[in-house]
Each structure stands twice: as C-alpha cells, then as structure tokens.
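**Q** what's the 3D shape of this:
(chains A, B and C)
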Amino acid sequence: MKTDFIPIDYGYFDFQGKNYAKIIGRNQEGKRVCIIDSCPVYLWAILKDNLKQDKINKLIKEIKKIKLDLKGRKTKVEKVELHEKNYLGKKVKAIKIFATNYKDLHDITDKLGMPEIEKRRGYDLGFISHYIIEREITPLCWYEIEGEMLNNSQEFGGIDMALDVDFCIKLETSKKIKEEKKFTPKTLAYDIETDELKIGQGEILMVSLVSENFKKVITWKKSKQKPSWVEYVEDEAELLEKFVEYVREISPDFLVGYFSDGFDLPYLKARAEKHNVKLSLGLDDSQPKFTRGINLKGKINGIVHIDLLKFIKTAYSQYMQSETLSLNEVSKEFLGDTKKDFKLKHSSKIEEKDWEKYYEYNLHDSVLTLKLFEKMWPDLLEFSKIMKEPIFEVSRNGMSKNVESYILHNLEKFNEIPEKKPGYHEISERKQRGKYQGAFVFEPTPGLYENIAMFDFTSSYGSVIVTYNLSKSTFLEKEKENSYNIETEGKKIYFTKKQGFFPEMLKEIIEKRKKYKQELKQNPDVIKKARSNAFKLLANAAYGYQGFFGARYYCEEAAAATAAFARKLIKESIENINKEGYKVIYSDTDSIAFLQNKKTESQVLKFLKKLNSELPGIMELELEGFFKRGLWVTTRAGTSGAKKKYALLGKDDKIKIRGFETVRRDWCGLARQTQNRVIRQILKDGNEKKALENVKEVIKKIKQRKIDKEDLIIKTQLKKPISEYKAISPHVIAARKMKEKEIPVSQGNLIEYYIAETKDKKKLVRDKVKLPNEKGEYNIDYYLNKQILSAVENIFQVFNLNIKEIIEGKKQMTLGDF
DNA sequence: GAAGTGGATATACC
DNA sequence: ACTGGTATATCCACTTC
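**A** Reported below is the predicted structural model:
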C-alpha cells in the first residue's frame, strides 16, 4: 500500500525481543495512519590509537561472542563492523556493535571492558531519537510511504487490531516530500475544576472540552438552568467515563492543557484509580503514563498530550510582559482575552444559581487553551522540525535540551560519534566549579542625554563561538601554533583553527536565522516568524549550553573563552567609537550606547559599515536604534552610576525602560506608576519640575490616606517551601499567614501583601505585613519612604533635586545653590 | 539598643 | 537540575560598641 504520511506521535514496542517504532500520523485525507518500522540498533566501541590489525581482529571476535542473559531473556551481539569515524573531531577507528534490542545496549556496554577499547558511546540516545537519526523519518514532515498493510494480522501480536487507526502499515520505503504542505492538526483542549488543589485530594466537579466546532462541559453538579453545551452525569465516576468517551470520539492529534502535566492529567488519573474507572485515552486503549521524577510528564499513546505552560516558558517567556505565566495573564498578552470572572469556592459553598457561572468559567479556560495552542502551533511545528524531535519532547524540553537535540540529529554529516550524557559523578564535579568571568558592563555617568545611538552585536556570543571556533572538540590542552588563544582566569587557553562541528553547526544556525529573518521582512507569515525565532533561540542558547553542567558537549573553557573574547571585542569597539568622535555612555554585554555628538544618522550608519569591515570572523554590529533622549541614574548608595538601569525615548516616541522599579513586579503599583510617570515626563518634555509636582501630589494623597489599597499591594514570589527560608522576609510572613487561614500556598506562588500601621512600635517590616483582605490601614511612612521616594529619589538627583529635603520642607540647599 | 555590615532573597539585564 | 554571568535593591541576621 502507498500513501502520504506526516508523523506526529512516536512510540515503540518490543516484539519477539526486537524494537519497533510505532509512529502515528495522518495522510492528506486526514485518515489516521500508523506505521511500524524497525531500524538497526547499535553502539560504538572507540578503539585506542594505533591498534594493530590482528589485535583488532581478535577484539572483534571477542565482542562477537558476547551473550546476555537478562531477566530470563537471552540475547547476543548480532553483528560487528569496523568503521573509520570521528569522535570529538578526531579520526578514530570504532567498532559498530549491533544488538537486537536498544535496552540491551547498556548491558553490552558493561561487557566492553577490554583494554583495547578507549570509549563506549551511542547507547544513551533513547530508542526514538536513535530511530529518527537512523531512518530519517523526522516529525511533522510529509513523506511518501509504501508498505504492507496490516489487517487483522498476527505479525506483531495483533497490534493493528488493538490500535484505533485507519491504516496500520509495516513500512518498507519512505521518501521525503520536498514541497511544504500545510497540515492542520485536530486539537482538543481540556480543563478540570476540583475542590482541592492537591492531586486527587478532592472531587473533580467538571471538565471542559473544546475543539473546532465542539464545546462541552461535563458535570455532576447541577444548576437551575442547563446551558446546551453542558452535559449532566450522575457522579464523578461517570464524569470520568464520559470524558474518556468524548476524547475517544473526537480522537484528536493533540490533547492540550495548561499546566496539565502537573495538574489536570494526574488529577484525572488519580480520581480514575479511586473509582476504578479505566482512563483509556490511548489509541491502544492504554492509560496515560507519567514519567517518574519531580516534573511529571503525562504521555498518552498515539495522542500527543501537550502542556502549553511548559512550552511557553522555554519559547516565549523571555519576550513576554506578563508578570506571571498564569493562563489569565498569558491569554491577555497573546489573545487579548482573559479568564471569566468567577471567584473560586469550595463546591459546598456554591449556591445553585452560581453553578452556571462556574460552567462558563470552566469552558472558557479550555477555549483560551485552544486559542493559545493555535497561536503557538507554528512555533511548536518549527521547533519540532528543526530539532528533529517529536512535539511531545520538544514542547517540554528546555533550551539546553533543544540545543543538544539539534546537535545529535546533525552529527552524521560530520561522521561524528555522539558524546555520552555526563554521569552523576561528572555532574557533581561540574557543579562544584566556580563561576567564570562573564560579560562586561560599562559604568554609566548618571544624567539625561540627548541624541543617542545604540549598536549591538547580532547573536553576539554565538558569533564569538563561530569566529574563534570555541567548543569541546576544538579546545587544545596544550599551546599550539596558529591557534586562537585568549586569557581567562590569568591563564591562556587555546583552540584549534580547524573548524569543529559545534561551531560549524552554530554557523549554519546563525546563517539560517539571518536568512529567515530577511525572508520574514520581505514577506511575513507566522511560519517564517516561528522559524526565524527558533533559530534565534538556538543561537542564543548555544553559549549557555557549553557552560551547562548537564550538557554532553560541556566545555567550561569554551564558555569562559566565549565571554572573554566577547569582552575584548566590545571593549575594542567602545574604543573605536570614542576615537571616531562619539562618546560611549553605556554598554552591557553586546550593546553600546553612545552620543551622536552632532553627527547625522547617515554618518553613524556609514561608520557602522566601517566598523563591521574591521570586525573579525562573522562578528557583526547592527543598529539597535536612534534615541532622542536617555536617562541614567546613580545607584541607591549614590556613589556610582547604576548599571542595568536606564530609560530611552525612541525616534518614534516609544519609551524603553530597563531595570527601573517600574518594570519590577516586586514593587507596589503606586511606586511603579509614579516612577513611570516621572520617567516619561522627563524624557518627553525634559521637564523635571513638572514631574516633581506630580510626585508631590502623590505624596499628599498618601498622607491623606487617599490611595487605593490595591495600588499598594506588594507581590513577591515564594521560591521555595516556607520552612526552608533562613531569612524570614515579609513575603514569607505573608505566606505563613495564608497557610494559617487555609488559603492554599505553594512554592512558586506570587504572594501578595501590604505593609500596615501597627500599634506597637515594632521595627521590622515583616511585623507590619498584612494580607490584602486583612483589615488595616496602610503604613504611610513605609510607602512614602520605602516605596515612592526610593523609586524616584535618584532620578531627581540627576537634576540636583534632593527630593527628600524638598518634601520634608527643609531648606532647598541643592536647589538654592544652583 | 543603635549602627554598621554581610547574607539571603528576589528580580532584572543581556 | 533542566542554558550562562552581572547587577541592583531590600530586609533580615548578626556583630560591635
């Protein structure tokens, strides 16, 4: 049988001791197709240098004899081949050792203790990744496939009968279809509502399901009026059964939730177990399985379960404005829509008339989740295609894992044998290493500046890695002529000039990023945007990857050298810019802000070209922008210019604020808004006097207790369990109070509180903490001094206005002096 | 018991 | 544990006089 096919979900099974990949996907007609395929399974034994042929022959014979007897299952080495390969860029002789089952590779490795063997590699990729590399059936690409249709066949123990698919095909040939064809997946979003937040502790009151042209809330809690999209069941057990029934009926490619790995799916499973209901969601009727470990991952056979929260964290959060990644805030930012207004209560306290509201709330959460998925779909798709890993993995992996996936799937071009994962011991050693020196940050002189230009290096660290060939495989233990070298920690280190595979891959990543960015500019669409962004994220993460203790290609020297070269380059650029007659006022890591000093924009651009012609390798500066005004302030101590804190007014009148309290979520709203207004007035009109008047107004209001308590709430994240805090800060007190009142609090929550007046003269701030709904009056002194004045003081200091003295009505010394 | 200092903590920047 | 280092600011914890 012949058909086209797009792989979506990857799984595998054992049959008669052998591994088979089981890939679920669709064809162009939307029929669900499962292909079953096998691939050679092997690992590498890298031989010691200069081994004589007869020794190798002897070794091969010995390896061929390896037999395993594992838990009653006997297996052996199937075949052995000698190959010329590369390992960390070095030519090596390696023996390819074939086994029947991927799971046996570890045990075979244990038997390869022969002295002729230098290293054993390639046994720890996982079968799916190994299969994708071997057979090149990559996720979400279209294929023309041919194979034997399995129809009530006993070939794989009757697998086709147990699977709910249209065709089950034993793969014979496959050919990638070059042209890009659109694929719109069938998606079902879900969300549950419960009485308790702890997994399985309370009852599931309702579950909502939303797909294209489908919306449903299943519940056993009845209201006066039943909306058409609500379906009543008798009890929780029936709710679970109905849920399974609908998922099976709709049979989506993707089942999507929000924080569903950590909440919805494990909850459903726990409650199903309690009621003895089978949660047979898989296409083979299997129940969801969870990976062990702290971070649960819920997997359903044949249907890709997605927890959107995880993907948003890795792919989007760095660009986002939202203060939390709650469904509500994320929806607001991406969709301009919010959750329905409904105050969650224990079901016993919900009045009959309010249940309808609750249904709507529940339904809308799924609506938002589905819309978010649709918005993120291009990114999920591109991530999966670029990393060549299934969406299930790619949507949950962090960027370091994504970098590693990209590397592993591209090693074959370099004839490279994959490096192994670090072991437990290796990881703890790496973690012990102290920090190496990082980026250079220029200390600004506080002030209000005009006509500022800003340059930055494109993919700065990535470009440094490529330019100076910095990686594990290119690092030289000893000094060598004609190599790149740099001093780090008082010691010179060297890297060969012979291009390594890591820098070469990164070069390609950066080039692709440029290409797609260009294409995007000319002809924008969501796919190009996602593709360009995925390559950008990859390029940016490559540096951190080499310094990350969990990386296969960990190389502390490469990471330290990257930072060192970057420091050198930016300092040289700063010098060159100053030499040209500009004045650099600020720089952080890869960006340089300088005064135009009456030169025109075209002069600046011409100079940029000249700078670029002189930069080494693929290093390149680009124009970040021209700015009308810019503000830099002192640190609180007032002794120096504050780094990582500035505000710019663009040519387009857009204001860019970095580091100021305005952008920090752990300051109260009033302080943030007040500071924001001050910054805006100063940048836009250059009028600090008016800004001062404004602040005076705010202060007056505070003193008159006219400020809304809402604007005084301070939010701080609880980053660990309450009991683990050594220093009991205000937000820990607030969290303790919440616990006392039986308001659920857990690690990761944003704790809200305000500082109140207290009768007794207690000194510590924490003694004045009250929860938002706790009765009390706000502490005038605290908000005046610690929030408002702290936020605006050093801004006015730039204009020699001592706001504290002005407010307190003292003689305006500094002002008078001028 | 006030003042000073270092540590713990959270958050932001790139 | 799930990329890296640099930096600011606050408040607590502790020491010192």
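**Q** List the contacts of the residue nearest in space to the middle of chain A.
**A** Nearest to the geometric centre of chain A sits residue A:314, at 1.0 Å (C-alpha atoms, centre = their mean). Residue A:314 sits next to A:397-399, A:402 when contact means C-beta atoms under 8 Å, 6 or more residues apart in numbering. Yep, even glycine has a C-beta here, placed from its N, CA and C like the rest.
**Q** List the residue ranges of chain A that fall below the pLDDT cut-off.
**A** A:809-818 (pLDDT under 70).
**Q** The residue of the stretch 251-400 of chain A found nearest DNA strand B: neighbouring residues, count only.
**A** Nearest residue of the stretch 251-400 of chain A to DNA strand B: residue A:323, at 6.3 Å (C-beta to the nearest atom of the strand). Here the number of neighbours of residue A:323 (other C-beta atoms under 10 Å) works out to 14.
**Q** still on that earlier bit, do the strand or helix carrying the residue nearest to the centre of chain A and DNA strand C meet?
**A** Following DSSP states H and E, one finds residue A:314 within helix A:308-315. Yes. Applying C-beta under 7 Å from any atom of the strand, one finds helix A:308-315 in contact with DNA strand C at residue A:314.
**Q** buried ones in that helix?
**A** Neighbour-count burial for helix A:308-315 flags A:308-312, A:314-315 (criterion: 16 or more other C-beta atoms under 10 Å).
**Q** same check, this time on stretch A:104-123
**A** A:104-105, A:107-109, A:111-112, A:116-123.
**Q** quick one on the thing from earlier: can you put the contacts of residue A:314 in a markdown table and add neighbour count and distance to DNA strand C?
**A** Shown next, in a markdown table, are these (neighbours: other C-beta atoms under 10 Å; distance: C-beta to the nearest atom of the strand, whole Å):
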| residue | neighbour count | distance to DNA strand C |
| --- | --- | --- |
| A:397 | 19 | 8 |
| A:398 | 14 | 3 |
| A:399 | 18 | 5 |
| A:402 | 23 | 8 |
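**Q** Put together a markdown table for the residues you listed, with secondary structure on each row.
**A** Converted to a markdown table, the contacts of residue A:314 look like this (DSSP: H, G, I helix; E, B strand; the rest coil):
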| residue | secondary structure |
| --- | --- |
| A:397 | coil |
| A:398 | coil |
| A:399 | helix |
| A:402 | helix |
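**Q** Export these to CSV and append columns for distance to residue A:22.
**A** Shown next, in CSV, are the contacts of residue A:314 (distance: C-beta to C-beta, whole Å):
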residue, distance to residue A:22
A:397, 21
A:398, 27
A:399, 29
A:402, 24
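**Q** Wasn't residue A:362 part of a helix?
**A** Yes. Checked against three-state DSSP, residue A:362 lies within a helix.
**Q** contacting residues for whichever residue of the stretch 1-150 of chain A sits closest to DNA strand B?
**A** Nearest to DNA strand B in the stretch 1-150 of chain A, going by C-beta to the nearest atom of the strand, is residue A:88, at a distance of 28.5 Å. Counting by C-beta under 8 Å, 6+ apart, residue A:88 touches A:416, A:419, A:472-473.
**Q** Any buried residues in stretch A:592-599, and which?
**A** Residues of stretch A:592-599 classed as buried: A:592-596, A:599 (neighbour count, 16+ other C-beta under 10 Å).
**Q** Kindly apply the preceding question to stretch A:73-85 instead.
**A** A:75, A:77, A:80, A:82, A:85.
**Q** again with stretch A:227-241
**A** Applying 16+ other C-beta under 10 Å to stretch A:227-241 flags A:230, A:233, A:236-241 as buried.
**Q** Ok, stretch A:62-76 next?
**A** So stretch A:62-76, judged by 16+ other C-beta under 10 Å, has buried residues A:63, A:66, A:68, A:75.
**Q** Residue A:349: neighbouring residues, count only.
**A** 7.
**Q** re the thing from before, what sits closest to the residue of the stretch 251-400 of chain A closest to DNA strand B if chain neighbours are left out?
**A** residue A:665 (4.3 Å; C-beta to C-beta, 6 or more residues apart in numbering).
**Q** What residues does that neighbour make contact with?
**A** With C-beta under 8 Å, 6+ apart, residue A:665 has these contacts: A:323, A:715, A:750.
**Q** Look through the stretch 101-250 of chain A and state the residue closest to DNA strand C.
**A** Distances between the stretch 101-250 of chain A and DNA strand C by C-beta to the nearest atom of the strand are smallest at residue A:124, namely 12.4 Å.
**Q** and if you look at chain A?
**A** For chain A, C-beta to the nearest atom of the strand, closest residue to DNA strand C: residue A:544, 1.8 Å.
**Q** Flag every residue of the stretch 401-550 of chain A that's near DNA strand B.
**A** Near DNA strand B, when you scan the stretch 401-550 of chain A using C-beta under 7 Å from any atom of the strand, you find A:439, A:456, A:460.
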